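Undergrad: return atomic coordinates for the entry below.
(one chain, ligands or ions: 2)
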Amino acid sequence: MTDATTRGPGATSSARTVVTVTPNPSLDRALELDRLEVGEVNRAHGVHVHPGGKGINVARALVRHGEAALAVVPVGGADGTRLVTLLAEHGVPAVPVPVSGDTRTNITLVEADGVTTKVNAPGPRLSDAEVDALLAAVEDQLATAPRAVVAAGSLPAGAGDVFFVRLAGLAGRYGVPVVLDTSGTPLARAVRAGGLCLIKPNAEELAELVGGDLVTVGDVVAAAREVIALGTSAVLVSLGAHGALLVLDDATWWAGGPPLVPLSTVGAGDSTVAGFLAGTGTGAERLRNGVAWGRAAVLLPGTEVPSPAQLDLDAVRVVEGPDPGLALKEL
Ligand SMILES: Nc1ncnc2c1ncn2[C@@H]1O[C@H](COP(=O)(O)OP(=O)(O)O)[C@@H](O)[C@H]1O
Ligand SMILES: O=P(O)(O)OC[C@H]1O[C@](O)(COP(=O)(O)O)[C@@H](O)[C@@H]1O
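TA: Residues are numbered from 1 along each chain as shown. Ligands and ions are numbered 1, 2, ... in the order given. The predicted structure is shown next:
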């Protein structure tokens, strides 16, 4: 299952490496159709298969830009083997953690007008021993003092709602910053436990987290500050076609650009996280980078991640202290 690029259970990170953890990875299969007819036989004219899952996509995007990254992933069955092979083909170092259930496949249906329908499978149930083995594999990487650990995506059954709390606790012991991109109860539990460096909800996920409607920039900033008050350093809120907001305890930036016609929005959030992590300089510059990577991702099919040549940093406008009264849909 491993080769020189996907280095297998013995793989280790270095001080510049971003370690990603995807508890519920997937093979992402995107089918291109003229138009989806629900309840009918539909015929696709294009198919793309990519290694998927949020942490995996972050690692893929970083590696595509020459950044050091390593993906820790539970894998099982023939599709798990395929996932590891695909990661190797994409040049992403991986630490596969064997599990008895089969790695899932997630389906995306993309219509000619860009409308995207996604069906995500539940993924295999992990046993307690498999969850412990996954965390032990993460701890092996934490011991090598990586730059950050990115924990991302949904949790498989059996992982327990506190999986990310456990992971953040481990990372805290090794002094490694934690970036978390998840949703629902696992996000709420981790935010309440505190100690996170960054979370990347979209507006719906943040609204669910704080329990309210987010209509304006001010609503998002207030929601993000609730999160920050619980012990998270920064909140990067992605807003789809309306760009993204970066909220710190004492500063806010918005970044976005001219309208695009997306080919596939799958993986755009993950590319945004990767671009933010790869960025340098001020919060504003890192946000610009993240948004440029996210915008480039939506112009690519399936779960393809952008290359440096596909970025258009100049198209991204950054505003410090955006008007709190602005509606998100006006951004
Ligand atoms: N339709 C779109 N047009 C332009 N940019 C987009 C579009 N959809 C996504 N993006 C870019 O990708 C980023 C992440 O997308 P978003 O849908 O918010 O993430 P997620 O998939 O995590 O919900 C956005 O912040 C934006 O920069
Ligand atoms: O773990 P979840 O929430 O089911 O999401 C998994 C899916 O999300 C993706 O990671 C894409 O995420 P984003 O579109 O939010 O960047 C796919 O590769 C994968 O199929």
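Undergrad: what sits against L135?
TA: Residues near L135 by CB atoms under 8 Å, 6 or more residues apart in numbering: 166-167, 170. For glycine as for every other residue, the C-beta is placed from the backbone atoms N, C-alpha and C.
Undergrad: could you check how far it is from P156?
TA: 14 Å (CB to CB, to the nearest Å).
Undergrad: ranking the contacts of L135 by neighbours, who comes first?
TA: L167 (22 neighbours; other CB atoms under 10 Å).
Undergrad: wasn't that one part of a helix?
TA: Yes - counting by DSSP: H, G, I helix; E, B strand; the rest coil, L167 is found in a helix.
Undergrad: correct me if wrong: L187 contacts L209.
TA: Yes - using CB atoms under 8 Å, L187 is in contact with L209, at 5.9 Å.
Undergrad: what sits in contact with each of those two?
TA: P201.
Undergrad: filter the contacts of L135 by proximity to ligand 2?
TA: Among the contacts of L135, no residue lies close to ligand 2 (CB under 6 Å from any ligand atom).
Undergrad: sort out which one of those lies nearest L87 for me.
TA: L167 (20.4 Å; CB to CB).
Undergrad: pLDDT wise, what is the closest residue to the closest one other than its chain neighbours at?
TA: With CB to CB, 6 or more residues apart in numbering as the criterion, L167 has its nearest non-adjacent residue at 5.3 Å, and that residue is A151. Looking at A151, its pLDDT stands at 98.
Undergrad: bridging residues for A151?
TA: V21, L180 (DSSP bridges).
Undergrad: verify the stated contact: it with L187.
TA: No - with contact defined as CB under 8 Å, A151 does not count as touching L187 (10.5 Å).
Undergrad: overlap in contacts, these two.
TA: With CB under 8 Å, 6+ apart, A151 and L187 have common neighbours 164, 180.
Undergrad: those two: which is more packed in?
TA: Set A151 next to L187 and count neighbours by other CB under 10 Å: A151 wins out with 27 against 22.
Undergrad: return the closest of the contacts of L135 with respect to P259.
TA: Nearest to P259 among those, with distances taken as CB to CB, is L167, at 37.4 Å.
Undergrad: would you agree L236 falls within a helix?
TA: No - counting by three-state DSSP, L236 falls outside a helix, being strand.
Undergrad: run a quick neighbour tally on the nearest residue in space to it that is not next to it in sequence.
TA: Distances taken as CB to CB, 6+ apart place K200 nearest to L236, at 4.6 Å, with adjacent residues excluded. By other CB under 10 Å, the residues close to K200 number 27.
Undergrad: show me the contacts for K200.
TA: Going by CB under 8 Å, 6+ apart, the list of residues near K200 reads 179-181, 235-238, 269, 272-273, 276.
Undergrad: closest to ligand 1 out of the residues you listed?
TA: Closest to ligand 1 out of the contacts of K200 is G269 (2.0 Å), distances taken as CB to the nearest ligand atom.
Undergrad: distance of the spatially closest residue to the closest one that is not a sequence neighbour from K200?
TA: Excluding the flanking residues, the one nearest G269 by CB to CB, 6+ apart is S238, at 5.3 Å. Note on S238: its distance to K200, by CB to CB, is 6 Å.
Undergrad: likewise for T22?
TA: T22 is 14 Å from K200, by CB to CB.
Undergrad: for the stretch 201-331 of the chain, list the residues in contact with ligand 2, please.
TA: 266-270, 303.
Undergrad: rebuild those residues as JSON lines, extending it with distance to ligand 1.
TA: As requested, these are arranged in JSON lines below (distance: CB to the nearest ligand atom, whole Å):
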{"residue": "V266", "distance to ligand 1": "7"}
{"residue": "G267", "distance to ligand 1": "8"}
{"residue": "A268", "distance to ligand 1": "3"}
{"residue": "G269", "distance to ligand 1": "2"}
{"residue": "D270", "distance to ligand 1": "7"}
{"residue": "T303", "distance to ligand 1": "11"}
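Undergrad: need those in TSV with secondary structure, pLDDT and neighbour count, can you?
TA: Listed next are those as TSV, based on DSSP: H, G, I helix; E, B strand; the rest coil; pLDDT from 0 to 100; neighbours: other CB atoms under 10 Å:
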residue	secondary structure	pLDDT	neighbour count
V266	coil	94	26
G267	coil	96	30
A268	helix	97	25
G269	helix	98	25
D270	helix	98	31
T303	coil	92	28
